[in-house]
Each structure stands twice: as structure tokens, then as C-alpha cells.
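*Asks:* sequence-free structure coming up:
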């Protein structure tokens, strides 16, 4: 959504409140309910979506503080978007220290109001000028990122083939970026070590791909970056993570369909075109990988996924793979391929897997 | 140290072992003892240095496995350096799975042997071809990094003014990088959020500096990057962290003088030219910052620093500052400056502080 539309939406809501108050009525705001109970799995769109339940916040003696805080947060957002500025969640909390009685006492309070405002306008936080605290996500390979110089506004072309052993670090907000690429797929990688190996050996050149290092569970900015890039350039996304329940449920599942407790955001942050390259439980057998026994927490996570995860419940192939892993009782890391030689992953594993992308887990 | 010197050193050690074995003697290797007891604070060099205690590993029935593992690790290092390749600690562990009886059962075993080899040759792990798992450290501002294309070997000039809202991500190993800059100082920043704000507003342009985001406690690569850049270009390093015992002891102290349990590395990874810009306890008063009460763990950390940290014990100014913080009973984050407006940090705080660098804590 363009900045002007966001400002327009904020103004519309604010003037409804103003008119209502001027008419002597109690102004109110209606927010979507943000909880798992108000979520369904949309197989067509490929992510969790919100159902229609709404909560109403009406101005009364009891709600006056929360009501004021919501309006102040909307005003801060308008100010940020107007000025093309940004604020982290933490900064927004500190800004409120000058809101007199409406100031927040703890950051979780301001985060909740920010989430409400985000859901109210049906946009993501970054579009309201609020950026996440954490960074994460490095990129190397056949990609030119189009950005602009923050000071002069001049267009910048950032060529991700030209960073040597380094990489392009994804900014906290990626809404304004453009892309040019001749790559044929995006390879999203769990560990920085594996990413560095593929960069060191110019793997993206031979494989004609874009390498993205997620560094564990990908940040919002990293997920949004992959999503926008994949959408705009029509690229498939292959995900290369450890062969364990964490890699499957926490990293891959979150990247692909989003998470349950932030369903109003999945529309923007999920990557429905993602497919699971490996490490699969079957890879552990086929490539004779060194393993570690599943820990109790791994087994619990795997069983939870089978029992409660709408995504896993939708795909027989995932139920089979997770059941196989529980049966084997072991997990394997992506770096375990080094047993066959440090560059076995480049010379053998990835080419063999990529020759049969149709076999990738969904 | 050049790659050829590393290989030469490895060969020398190996041939001593070989000659000794050929002569029917028991071969042995002598390692520096890596512990706090074998460390002193060198005020001139500005970091912890190793004393002379050594441990000897002689080949006997009881030590045969550890001895073989050390030699195999040396051989792996030679192979890496010869091939201009790299291995993470994790990969090195997995490579050992093909060493038959000499294979490691758990990664801590292989890490220890790697640390021994590192200390044995008096070089850092990166020079032996071993790279850390974790990444970390983003750079923006008046700096050109000289790297080479991994595939073609062609020189690359990476202009850190040209990343827009993004940044240059520091690679895991930085030994080979060159630098060109007209900046007058390096500003090392604790949080990604603050870094993003300074990037967004082109702060490095007006202040003529290089911005480095540490993302909490800086990684080895990030520390080494700052050190090499500061050394080669004669730049002062100003450190901007949260005003709490963690920011002082864990982030700033580690960056500046290194850590106790890896004293054989401090020579490479410390940044003796670092000075503490803020947030100081006095800043909390002078800038009327919103605070949080010190937690028990904060108080413990602060008292430990006063009692046990040779660096703090060396500087009266630090003892005074830490004592002042304990007395105030509060801490403040760098983002607390947002209370006075989101860009107060740029318009007021940093210029005022930088006008008196001579007052920075040592």
C-alpha cells in the first residue's frame, strides 16, 4: 500500500472518532480478534488467514487510557509516514513517555496497541513506519537490489554479485526495494556457515541462483524480502535447513505459511512458493549422514506438529516424513554432509537434489 | 600471517613429530596453557596477554587418540589453507567422522583441539582456515572495502555508501580485506534499530564516519573487522551501547580488551583504540532519560566487574562510573533518547558528545 493510502486510512478512522465525539456519542474502534481461534488455513492462498471475529473498543471511563493510546499510536504512525521516518517498537514505547497520562508503563503494552493498529488498518507494521528491532538475512548472488540513497533520494543499484566474501544485509524494512535478476531460483539457507561455504565457492554462479542466509528462524524483514522477490520475479524458493523438527516446524513452516499468533500478518510475510529441499529424513538414509539422537524437545515438537499444525495436517507427505523421523529417532544437520568432504554439498548433494525439484516436500 | 607462513609452521611441527618417531623417541607437542591463571593485563598493548605456562602432550598409550586428533586437525588446516578453502568448527567436527578411531564423538572435543592448534601456532583460527559459525556485523558509511571475487579472483571494490537502507554484511573471515576511507572515526553501535535510524538519516555523511552495527556482543569477525580497519586507517573507535552493566562489561569490555577465556586471541580480536561514547550513568542524569531498575543480574555483573575485572581495576574512571550506576540503581537503553523525539539522538546527543571525545570513558 502506498504511503498516501496509509495516511488516508488513518485520517478516515480519526475523523470518524472525531465526528462521533462531536455528536455526543461514544466513539469506538473495531479491531479484528488476533488469536488462533479466529484463524483458518487457506490452502489456495497457502497461509493462515483471519476469520471475521472483531472486538470493539468503545470510549468509556474504563477504556479511556487504551483508547487514547490507540489514537496516539495512530498519530505517531501518521507522523512517521508523512516524514518518511521510522521507529522501532522500542523507540515507539519511549516516545510515549511524553504522552502524559497516556504513556505506556511497559513495552508489551505498546506492542499490543501497535499490533491492534496494524490489524485495524490491515497493513503490516513496516507500512505504518514501525520497524522491527532485529536484523537478519544476508544475500549473495545473481541479484540487483534497487534502493535509493536515504539522503539524496538518488536511485542506487546494489549488485549482489559484487560483494566478494561478504554479502548484502537486508534492511529492517524492504517495502520500497526493487529487483532485477536472471537467477532461476532462490536458495534459503538455515546456517551462516553453509551460506559462507556456498558464497566462498561462487555456487550461485554455477547454479544461477540467489543465496539467502536466514540465520535460524528468519526475521520478518528476511521473510518479506524473499516473498517480494519471489512474487515479483516469479522465482521458486528452495529451503535448505537442518533435518530436525526445528528446521521443519520452526524455520520452514514459519517461512512458508506464517505463524499462528500473528495471522493478520501472514498475508505479507509468508512465502507460499517455498519448497523443502532438505535435509529430509530420507536424506539421512540416502546420504548416510552422521546423526544425533532426537531430544525430548524434538520428539515433542514433532508430535505437536502432527497433532495440531493445520499445515502438516494438510499434507500427507509431511505427516509421512515427520512420522519417519520420529521412527528413526535421529536428526541430522546440513553441515553433516561434510563427512563426505567439505564440498560434497556443492559437488554432489545440491546438484542431485535440484535435478528433481518435483520430489521436494511441499 | 601469510598463508604460506602458516603452512610452513604446520610442516615444521609435523616434521619434528615425524623425526622424533623415526628416531624411536616419544614425539610431543607443547601448547600454551589457555586459562585465566596464565593471563595478565598488558596496559601498554591494551589487552590480556598469555603468560608462559605450557602443557606438553606426549604420545603415550593414554594420549594416542588426542595426539592423533591434533595431528589430523593440523593436516586439515594445511589442506584448507593450501586449497584456499574454509571450514566451520561444526564442519571440522563432521569431517573427523572419516578419521576412523581418531574421529570426535562430540563437537566440544574437536573445538578444544582446534583451540589448542590455534594456540600452538600463535595464529587465529581464521588463519588456519577455520571460520566461526555465527555471522554478525553490518557496515554503512564512508568506506570502500577491497575484496576479491571468490571465483575469478578479480579485485572488487565494495562502496559502503551505496547500500541505501541496507548495509554491507561482514564476512566470517576478514583477514584478506583491504580498506579505503575518508572517514574520521568508526561508530560501533549495539542495536540494529539504532544503526538503522542512523543509516536512514544518512548520519555517516554529516558526521564523516563509518557505522558498524554489532547486534549485541560483537562476533569475532566483527571485532577483527573493526580492529583491522582502525589499525590500518588510524581511526578512533567510539562505542555507543546501552547504559547498563551488560553494555559496559559484556559488549564494550569484550570489544576493547578481549575476554579472559580466549586470551591467546585477544591480540587479534581486541580493539584497544575503542572509547566509550555512551550511554554513561551521567548521561542518564544529564539527558533525563527514562530508566529501568537494575535487575539482580545487573547488580551482580557490575559488582563482579569492580571486584574481578583487571580492565576495570586498571581504570579509576570505570570504577567511578560503575559505582555511580550501582548507586543510582537504574539503567537506560540507547533508544531511551527517543523520549525527546526520534531524531534527538542525531540532532543533539551525538553532536554534543562528539564535541568532547576527550571526556569519553577509557
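*Replies:* Perfect, I can see it now. Fair warning: this is a prediction, and the values are worked out from it, not measured in the lab.

*Asks:* Model confidence score at residue A:278, please.
*Replies:* pLDDT for residue A:278: 88.

*Asks:* let me fix that: residue A:198
*Replies:* 94.

*Asks:* Surely it is within a helix?
*Replies:* Yes. Residue A:198 sits within a helix when classified using DSSP: H, G, I helix; E, B strand; the rest coil.

*Asks:* Identify the residues contacting the nearest residue to it once chain neighbours are set aside.
*Replies:* Using CB to CB, 6 or more residues apart in numbering or on different chains and skipping the chain neighbours, the partner closest in space to residue A:198 is residue A:211 (5.5 Å). Where you see a C-beta, it was placed from the backbone N, CA and C, and this is true even at glycine. Contacts for residue A:211 (CB atoms under 8 Å, 6 or more residues apart in numbering or on different chains) come out as A:139, A:140, A:141, A:187, A:189, A:195, A:198, A:199, A:203, A:204.

*Asks:* Mind doing that once more with 6 Å?
*Replies:* A:140, A:141, A:187, A:198, A:204 (CB atoms under 6 Å, 6 or more residues apart in numbering or on different chains).

*Asks:* For those, name the two members farthest from one another.
*Replies:* Spanning the widest gap among these are A:140 and A:187, at 10.3 Å by CB to CB.

*Asks:* more neighbours, these two?
*Replies:* Remark: of residue A:140 and residue A:187, residue A:140 carries more neighbours, 30 against 25, as counted by other CB atoms under 10 Å in any protein chain shown.

*Asks:* what's the more buried one sitting at in phi/psi?
*Replies:* Main-chain torsions, residue A:140, degrees, to the nearest 10: phi -140, psi 150.

*Asks:* Give me the distance between it and residue B:281.
*Replies:* 42 Å (CB to CB, to the nearest Å).

*Asks:* Likewise for residue A:159?
*Replies:* 45 Å.

*Asks:* Neighbour count for the two, which is higher?
*Replies:* residue B:281 (24 against 14).

*Asks:* In this structure that one contacts residue B:325, no?
*Replies:* Yes. Contact status for residue B:281 versus residue B:325: in contact at 4.3 Å, counting by CB atoms under 6 Å.

*Asks:* Report the separation between the closest residue to residue A:101 other than its chain neighbours and residue A:99.
*Replies:* Once flanking residues are discounted, residue A:101 sits nearest to residue A:65: 7.0 Å by CB to CB, 6+ apart. Note on residue A:65: its distance to residue A:99, by CB to CB, is 10 Å.

*Asks:* Show me which residues of chain A are close to chain B?
*Replies:* With the criterion set to CB under 6 Å from any CB of the partner chain, chain A comes near chain B through A:86-88, A:90-91, A:94-95, A:97, A:133, A:135, A:138, A:147-148, A:150-151, A:156, A:162-169, A:171-172, A:192-193, A:196, A:200, A:202, A:205, A:290, A:335-336, A:338-339, A:342.

*Asks:* what's the closest of the contacts of residue A:211 to residue A:354?
*Replies:* Nearest to residue A:354 among the contacts of residue A:211, with distances taken as CB to CB, is residue A:187, at 9.0 Å.

*Asks:* show me the contacts for residue A:99.
*Replies:* Taking CB under 6 Å, 6+ apart, we find residue A:99 in contact with residue A:72.

*Asks:* And the contacts of residue A:211, which is closest to residue B:20?
*Replies:* residue A:198 (41.3 Å).

*Asks:* how much space is there between the closest one and residue B:9?
*Replies:* Counting by CB to CB, the gap from residue A:198 to residue B:9 is 30 Å.

*Asks:* So the two - more neighbours on which side?
*Replies:* In this view residue A:198 and residue B:9 are compared by other CB under 10 Å, and residue A:198 has more residues nearby, 24 against 19.

*Asks:* Name the spans of the stretch 1-150 of chain A whose pLDDT lies under the cut-off.
*Replies:* A:1, A:35-37, A:39, A:41, A:134-135 (pLDDT under 70).

*Asks:* residue in it nearest to chain B?
*Replies:* When scored by CB to the nearest CB, the stretch 1-150 of chain A has residue A:147 as its residue closest to chain B, at 2.8 Å.

*Asks:* ok, now the stretch 251-362 of chain A?
*Replies:* Minimum separation of the stretch 251-362 of chain A from chain B (CB to the nearest CB) falls at residue A:338, amounting to 4.0 Å.
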